[in-house]
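Enquirer: Provided below are the primary sequence and the corresponding predicted coordinates.
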Amino acid sequence: MRTYIAKRIGISVIILFCVTFIIYGLMRSLPSSYVETMAMQLSQAPGAKPYEEWLAQLNAQYGLDLPVPIGYVTWLGDFLTGNFGDSWKFNVPVLTEFYNTIGISFAMGGLAFVFSTVIAVPLGILAATHQYSKGDYIISAVALAGISLPTFFFATLLKLVFSVGLGWFDLYGLMGRDYAQLDAVGQMIDIVKHMVMPVVTLTVIQIGSLMRYTRTNMLEVLNADYIRTARTKGLPEHKVIYKHAFRNTLIPLVTVIGGSLPGLFSGALITETLFMIPGTGYTSYQAMTAGDIPYTMFFLTFIAIITLLSNLLTDILYAVVDPRVRIS
C-alpha cells in the first residue's frame, strides 16, 4: 500500500505540473486583462504617457513580457516558495482575499454535501428495495427533476417564491441592512437566513444524480447471486440490505462522493454569483473576468491540488469499504 500511495503521489505531482503549465498558458492568452484595462485608464489621464508605453511598463512590472515557458518557471518558483503575489482586482495579497472568502464557500458546500448525502442515499436505497412502487416513481421523478433543473432556473424560482412572493428572505447578499445594529445572536441568525436559499439550491442540484446513482447500483447488487443465497438462508431482510448489499454499493458511491469534495473548497460559482454571496466561487468569477492572473492562477492551482488529493483519497478508501480490493 505504501508503494502504491508513493507511486500515486509521484504521478499526481507530474500531472499537477502539466495542469499548471496549461493554466498559465491559458491565462497568458486571455483576450483582455486587468493590465490592459489599467494601461488604458492611466493613458487617459491629462498629460499621461501613451497606452503602449503604459502597457509595456506594466507587463514588465508583472513579468508578462517574458516568454510563456520562462514566465511559467518564474511563477512556479514563486508559488513553491509561498509567494502568490497580489491580486490585481482586489489590491490585496492573494492569500488574504482567499482566506476572506473560503470560509463562506466551505460552510455552504459542506452543508449542501451533508444534506444531499443524508437525503439521497437513504432515498436511493428505499427506491431500489421497493422497485416499481409509488415511492420508487416519486423518488425517481424527484431525482430526474434535480438532474434536469439548471442551477440558475431553480435559484431564480426560489427567489421569485420566497423573496418576491412571500418576502421571507432577501434576494441577495450575506447580510441584511440592519446587520450592524443586531447583537451577536441576531447577526448569526441573519447570516443563516441569507444562506438558506443558496444551500437549498446546491442541495437540490446535487441530490438528483446521487439518488439515481444509489438506486441504480443498489438494484444491481440486489440481483446478485450472493444476495439471493443470503435470503435463502433465512437472514433478516434488513441484514441482507444494509450489511451485504449496501456495503457493495459503497464503492461506486465513494467515487461519486469523493469527486464532489473539491466543490467544498472551490465554491459554487453560479449559485454564489446569482445570490451575490461573497464566497470563493463569486470572487474567482470576478477575478477571471477582470483578467486577474495572480488570483486566478492560485485558485485554479489550488483546485487542481484538491482534486488530485480527493482522487488519491478515493482510491485508498476502495480498500477500506471493500475487502476484495487489495494493493500488493
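Expert: Received, thanks.
Enquirer: For V204, give its distance to M211.
Expert: Separation of V204 from M211 (C-beta to C-beta, to the nearest Å) stands at 11 Å. Where C-beta positions appear, they are placed from N, C-alpha and C, glycine not excepted.
Enquirer: Now the common contact residues for these two.
Expert: G146 (C-beta atoms under 8 Å, 6 or more residues apart in numbering).
Enquirer: okay, these two: which has more neighbours?
Expert: M211 (27 against 21; other C-beta atoms under 10 Å).
Enquirer: which regions of the stretch 101-250 of the chain lie under the pLDDT threshold?
Expert: Applying pLDDT under 70 to the stretch 101-250 of the chain flags no residue at all.
Enquirer: again, 80 this time
Expert: 146, 149, 167, 171-184, 186-187, 190, 221-231, 233-235, 237-250 (pLDDT under 80).
Enquirer: Helices along that one, start to end?
Expert: Remark: helices assigned in the stretch 101-250 of the chain by DSSP state H, counting those that start in this stretch are 134-148, 151-158, 184-222, 225-232, 237-239, 246-259.
Enquirer: Nearest to M40 among those would be which one?
Expert: In terms of C-beta to C-beta, the element of the helices of the stretch 101-250 of the chain nearest to M40 is helix 151-158, at 31.7 Å.
Enquirer: relative to helix 184-222, how tilted is the closest one?
Expert: 130 degrees (axes from the mean of the first three to the mean of the last three C-alpha atoms, to 10 degrees).
Enquirer: Would you mind giving the orientation angle of helix 151-158 with respect to helix 134-148?
Expert: Here helix 151-158 runs at 110 degrees with respect to helix 134-148, directions being taken by the same axes, to 10 degrees.
Enquirer: next one: helix 151-158 to chain centre, how far?
Expert: Mean-position distance between helix 151-158 and its chain equals 18 Å (C-alpha atoms, centre = their mean, to the nearest Å).
Enquirer: same thing with stretch 46-61?
Expert: Here stretch 46-61 shows a centroid-to-chain-centroid distance of 38 Å under the convention C-alpha atoms, centre = their mean.
Enquirer: Make 26 the starting number, not 1.
Expert: With 26 as the first residue, the last one maps to stretch 71-86.
Enquirer: which other residues reach that stretch?
Expert: With C-beta under 8 Å, 6+ apart as the test, stretch 71-86 has contacts from V60, E61, M63, A64, M65, L67, S68, L89, D90.
Enquirer: Check which residues of that stretch are buried.
Expert: W79, L80, L83, N84 (16 or more other C-beta atoms under 10 Å).
Enquirer: Most distant residue from the centre of the protein?
Expert: The centre of the chain is farthest from one residue, G72, which by C-alpha atoms, centre = their mean lies 47.0 Å away.
Enquirer: Please report the distance of that residue from V60.
Expert: Relative to V60, G72 is positioned 21 Å away (criterion: C-beta to C-beta).
Enquirer: what's the answer for P75, then?
Expert: 15 Å.
Enquirer: now D195
Expert: 36 Å.
Enquirer: and what of P319?
Expert: To V60, P319 is 11 Å away according to C-beta to C-beta.
Enquirer: Could you tell me which residues touch both of these two?
Expert: By C-beta under 8 Å, 6+ apart, the residues touching both P319 and V60 are W113.
Enquirer: and K32, how many neighbours?
Expert: Neighbour tally, K32, other C-beta under 10 Å: 11.
Enquirer: Doesn't it belong to a strand?
Expert: No - in this structure, K32 is helix, not part of a strand, as judged by DSSP: H, G, I helix; E, B strand; the rest coil.
Enquirer: Can you name the residues that contact it?
Expert: Listed by C-beta under 8 Å, 6+ apart, the contact set of K32 is empty.
Enquirer: and what of E297?
Expert: Contacts of E297 (C-beta under 8 Å, 6+ apart): S130, M133, P223, P303, G304, T305, G306, Y307, Y310.
Enquirer: Between those residues, which sits nearest K159?
Expert: Nearest to K159 among those, with distances taken as C-beta to C-beta, is P223, at 32.1 Å.
Enquirer: ok, the closest one to S285 distance?
Expert: 16 Å.
Enquirer: So which of those two has more stuff around it?
Expert: A count of neighbours by other C-beta under 10 Å puts P223 above the other of P223 and S285, at 25 against 17.
Enquirer: With F187 as the reference, measure out to the more buried one.
Expert: For P223, the distance to F187 (C-beta to C-beta) stands at 12 Å.
Enquirer: now swap in L299 and tell me
Expert: 14 Å.
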